[in-house]
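> what's the 3D shape of this:
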Amino acid sequence: MISDDLMVPEPVRVLRRQQELETIWTLELEPGPAGNRPCLPGQFNMLYVFGVGEVPISLSGDTGQTETLVHTVRAVGPVSRKLAALKPRDTVGLRGPFGVGWPITEGEGADLLIVAGGLGLAPLRPAIYHVLRHRERYGRVILLYGTRSPGDILYSAQLEAWSKRPDIEVYITVDHADSDWQGMVGVVPALVPTLGFDPEDTLAMVCGPEIMMRFTVNALRGAGVEDGAIYLSMERNMKCALGHCGHCQFGATFVCKDGPVLSFDRVRGLLNLKEF
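Reported below is the predicted structural model:
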């Protein structure tokens with residue numbers, strides 16, 4: 001029986017599992033007993049490993065299809081390590097989707113600057129899928145992606161395929177190169193001033209480590225992008241996903257229900273605050 005209580009996880013099966021990097025795995029889950037649920041790029045689900053615990057994981061697949069739910073997981077804690085170890089036909093608890101997604105409708109008619117750092121490419125990937133499917137609705141589309149090293153590049157085959165398309169500009173940089181790397185070296189915010197985009201007609205979507213997002217926001221503002229046109233994914237310590245527990249409270253904002261995607265003009269006074 002399916003409960004209407006949003007705190008009760010639905011049992012769903014793992015359909016496929018793919019290793020992306022040493023500690024990063026992508027899981028494809030069945031939609032669950034509730035049927036095909038509409039999901040928006042930028043939203044997240046709560047995934048529960050029975051007997052271990054629950055964590056928020058952003059959707060990382062194409063939300064335009066409803067046959068599977070795709071989540072990319074870094075195995076760093078007790079729950080995420082267990083999630084990453086699940087095999088096809090294993091069962092996981094699912095709640096969601098929750099939260100506010102990327103401003104893909106608001107961005108129609110504008111140029112888009114998509115900036116990702118490390119695993120931050122995963123929550124942005126659904127937005128990229130949507131934009132490329134409806135490419136005629138947007139102006140110039142630029143993707144900036146930065147990682148620590150060439151071996152840390154996520155979705156490398158897909159990035160390569162996107163880079164060959166004439167309708168999206170893809171720039172990849174690494175903090176530290178090896179002898180085989182032929183691309184750019186340096187932090188991703190440093191690329192912003194080199195792009196020559198029109199700041200008055202640009203909407204920016206940013207996801208990555210908070211320090212990377214802070215420097216990227218500074219670069220975007222320095223280039224003339226308005227605070228209200230810069231959107232960040234702030235996935236801070238979410239527990240209940242419904243704004244009940246207060247773990248993710250960010251000033252007057254609850255990241256789980258008011259975000260995780262928030263415009264910078266809403267969070268500019270809070271971005272440097274530490275979690276407790």
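> Provide a list of residue ranges in the stretch 1-150 of the chain with pLDDT below threshold.
1-4, 32-37 (pLDDT under 70).
> Helices of that one, start to end?
Ranges of helices in the stretch 1-150 of the chain, per DSSP state H, counting those that start in this stretch, are 78-84, 121-133.
> Pipe those into TSV and attach distance to residue 269 per row.
Every C-beta, even on glycine, is put in place using the N, C-alpha and C of the backbone. TSV is the format used below for the helices of the stretch 1-150 of the chain (distance: least, C-beta to C-beta, whole Å):
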stretch	distance to residue 269
helix 78-84	31
helix 121-133	23
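> out of these, deepest packed?
By mean neighbour count, with neighbours taken as mean count of other C-beta atoms under 10 Å, helix 121-133 ranks first of these at a mean of 22.
> what distance separates that one from the centre of its chain?
Using C-alpha atoms, centre = their mean, to the nearest Å, the mean C-alpha position of helix 121-133 is found 9 Å from that of the whole chain.
> Now do that helix: which elements does it pack against?
With contacts taken as 3 or more C-beta pairs under 8 Å, 6 or more residues apart in numbering; DSSP states H and E, helix 121-133 sits against strand 111-117, strand 141-147, helix 156-163, strand 202-207.
> Residue 123: which of the ones you listed is closest?
With C-beta to C-beta as the criterion, residue 123 lies closest to strand 202-207 of the helices and strands packed on helix 121-133, at 5.1 Å.
> what helices or strands is that closest one leaning on?
Applying 3+ C-beta pairs under 8 Å, 6+ apart, we find strand 202-207 packed against strand 111-117, helix 121-133, helix 210-222, strand 230-233.
> and the last one, what does it pack onto?
Spelled out, it's strand 230-233. Strand 230-233 packs on strand 202-207, helix 210-222, strand 261-263, helix 264-267, going by 3+ C-beta pairs under 8 Å, 6+ apart.
> could those go into JSON lines alongside distance to residue 178 and mean neighbour count?
Output for those, formatted as JSON lines (distance: least, C-beta to C-beta, whole Å; neighbours: other C-beta atoms under 10 Å):
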{"stretch": "strand 202-207", "distance to residue 178": "25", "mean neighbour count": "27"}
{"stretch": "helix 210-222", "distance to residue 178": "21", "mean neighbour count": "19"}
{"stretch": "strand 261-263", "distance to residue 178": "34", "mean neighbour count": "22"}
{"stretch": "helix 264-267", "distance to residue 178": "34", "mean neighbour count": "18"}
